[in-house]
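>>> Provided below for reference: sequence and predicted model.
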Amino acid sequence: MRRDFRGRTEGHEAEIVEGDLKEIASCDAVLAAFTAPDEGTAMEAWHAHSLGKMVVAYTSGTPPHPWTVYVADEVHAVLEDAVASVAR
């Protein structure tokens, strides 16, 4: 994402979510890092999936949650494999 709100999300919730939704709508594919539980990433992946966007999940070896497998077109443990998948 082009915007970085790490450590300062309070009071910016609408800007964060609306910006994320616009960026997801404008892209061809989403590379989602599911290396640890994160409800934001899960929501973004679900939204991309619901729009028919390609979703590629990167897990770093963490066993993927069933919802991750459901919304992702591909699930990769290795980041380079996930990036290569999106590049195709």
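Happy to help now that I have it.
>>> From here on, just use CA atoms for contacts and neighbour counts.
Noted.
>>> ok, residue 51 touching residue 25?
Yes. Between residue 51 and residue 25 a contact is recorded at 7.5 Å, counting by C-alpha atoms under 8 Å.
>>> Between those two, which is the more surrounded one?
residue 25 (15 against 11; other C-alpha atoms under 10 Å).
>>> Let's see the helix or strand hosting the more buried one as PDB, backbone CA atoms only.
Taking DSSP states H and E as the definition, residue 25 sits inside helix 13-26. Extracted in PDB, the C-alpha atoms of helix 13-26 (Å, rounded to 0.1, in the frame of the first residue of the first chain):
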ATOM      1  CA  GLU A  13     -10.300   4.600  10.400                       C
ATOM      2  CA  ALA A  14     -12.500   5.900   7.600                       C
ATOM      3  CA  GLU A  15      -9.500   7.200   5.600                       C
ATOM      4  CA  ILE A  16      -7.700   3.900   6.000                       C
ATOM      5  CA  VAL A  17     -10.600   1.600   5.100                       C
ATOM      6  CA  GLU A  18     -11.900   3.800   2.200                       C
ATOM      7  CA  GLY A  19      -8.400   4.200   0.800                       C
ATOM      8  CA  ASP A  20      -7.800   0.400   1.000                       C
ATOM      9  CA  LEU A  21     -11.100  -0.300  -0.800                       C
ATOM     10  CA  LYS A  22     -10.200   2.100  -3.600                       C
ATOM     11  CA  GLU A  23      -6.700   0.600  -4.000                       C
ATOM     12  CA  ILE A  24      -8.100  -2.900  -4.100                       C
ATOM     13  CA  ALA A  25     -10.700  -1.900  -6.700                       C
ATOM     14  CA  SER A  26      -7.900  -0.400  -8.900                       C
END
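>>> all strands of the protein, in order?
Here the chain has its strands, by DSSP state E, at 29-33, 54-58, 74-76.
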